[in-house]
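# Fold the stuff below for me.
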Amino acid sequence: MQLIVALAILLIGGAALGGEYLLVKWYPAYRQHVADTTLKLLPYSNDGLGIEMRVAAGIYGKVENFPGGIRIYRSELLGQGPSVTITSQPNPDGATAFSPQIMAQWEAMGADQGIPRYEFQRAQINGRDAALIWQLQGSAMLMTAHIISPDRIIQVNCTPGDEEETLYLQACDETLRSIKLAGPLPPPSGPPSLENVGPKH
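Presented below is the predicted three-dimensional model:
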């Protein structure tokens, strides 16, 4: 009986040590591999929308075209997968920057409408005037970029869906900040570049 108890203690102790080794040694490397794989940027271009970009591999899956835009998404068997939706509209007055009025509206929208976890940031994305917005929509975060060129104004919505929020918001951030609009760039002016500044969630 004592031998059986001793063997049981030995087996339990060995399993605990093995589990601790996996947790300490293997799991961080696994997490880093998952992050690297998810954040790997893959090229995408669309002449109709006049864009070039790099989409995080964790989001890149199927591409669905609809009038005035596209949706790039990875489908899930259960729940909502990550996605990027891009819509484009003409810029009739040829402005190279958003008006102060629309920027002020976007900045105040979170407080005015009581939107949870709302954050606004004015930025430049690859030489274009832009606004970045983070907000909670339903149970998932949504990151939106508004980018303007003399020819077009695009809106890009990216959501992690039901995936890990921190990692997939980073994937959204890197994807949206990679967007390049066709056409000549305006002379350097406007707000300072904030391309390397992320949201504080």
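
# Now do the helices for this protein: every range, in order, please.
Remark: helices assigned in the chain by DSSP state H are 2-21, 27-39, 100-113, 165-176.

# Confidence-wise, which of those is weakest overall?
Among those, helix 2-21 has the lowest mean pLDDT, at a mean of 64.

# can you map out the strands along the chain?
Secondary structure of the chain, counting by DSSP state E: strands at 41-46, 51-56, 62-66, 69-73, 83-90, 119-125, 128-137, 140-148, 152-159, 180-181.

# Let me have those in JSON lines, adding mean neighbour count as columns.
For glycine as for every other residue, the C-beta is placed from the backbone atoms N, C-alpha and C. JSON lines is the format used below for those (neighbours: other CB atoms under 10 Å):
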{"stretch": "strand 41-46", "mean neighbour count": "14"}
{"stretch": "strand 51-56", "mean neighbour count": "22"}
{"stretch": "strand 62-66", "mean neighbour count": "11"}
{"stretch": "strand 69-73", "mean neighbour count": "19"}
{"stretch": "strand 83-90", "mean neighbour count": "18"}
{"stretch": "strand 119-125", "mean neighbour count": "19"}
{"stretch": "strand 128-137", "mean neighbour count": "20"}
{"stretch": "strand 140-148", "mean neighbour count": "21"}
{"stretch": "strand 152-159", "mean neighbour count": "21"}
{"stretch": "strand 180-181", "mean neighbour count": "21"}
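
# CSV for the ones you listed, including distance to Ala111?
Formatted as CSV, the strands of the chain follow (distance: least, CB to CB, whole Å):
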stretch, distance to Ala111
strand 41-46, 34
strand 51-56, 30
strand 62-66, 32
strand 69-73, 29
strand 83-90, 25
strand 119-125, 10
strand 128-137, 12
strand 140-148, 17
strand 152-159, 21
strand 180-181, 30
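
# Tabulate these (JSON lines), appending mean pLDDT and distance to Glu174.
JSON lines is the format used below for the strands of the chain (pLDDT from 0 to 100; distance: least, CB to CB, whole Å):
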{"stretch": "strand 41-46", "mean pLDDT": "97", "distance to Glu174": "6"}
{"stretch": "strand 51-56", "mean pLDDT": "97", "distance to Glu174": "6"}
{"stretch": "strand 62-66", "mean pLDDT": "95", "distance to Glu174": "19"}
{"stretch": "strand 69-73", "mean pLDDT": "97", "distance to Glu174": "14"}
{"stretch": "strand 83-90", "mean pLDDT": "97", "distance to Glu174": "11"}
{"stretch": "strand 119-125", "mean pLDDT": "96", "distance to Glu174": "12"}
{"stretch": "strand 128-137", "mean pLDDT": "97", "distance to Glu174": "12"}
{"stretch": "strand 140-148", "mean pLDDT": "97", "distance to Glu174": "11"}
{"stretch": "strand 152-159", "mean pLDDT": "97", "distance to Glu174": "10"}
{"stretch": "strand 180-181", "mean pLDDT": "97", "distance to Glu174": "14"}
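
# So for Leu169, which of those sits nearest?
strand 140-148 (5.9 Å; CB to CB).

# Count the residues that sit near Glu107.
17 (other CB atoms under 10 Å).

# Let me see the domain layout of this structure.
Annotated domains of the chain cover 1-39, 42-181 [automatic domain parsing].
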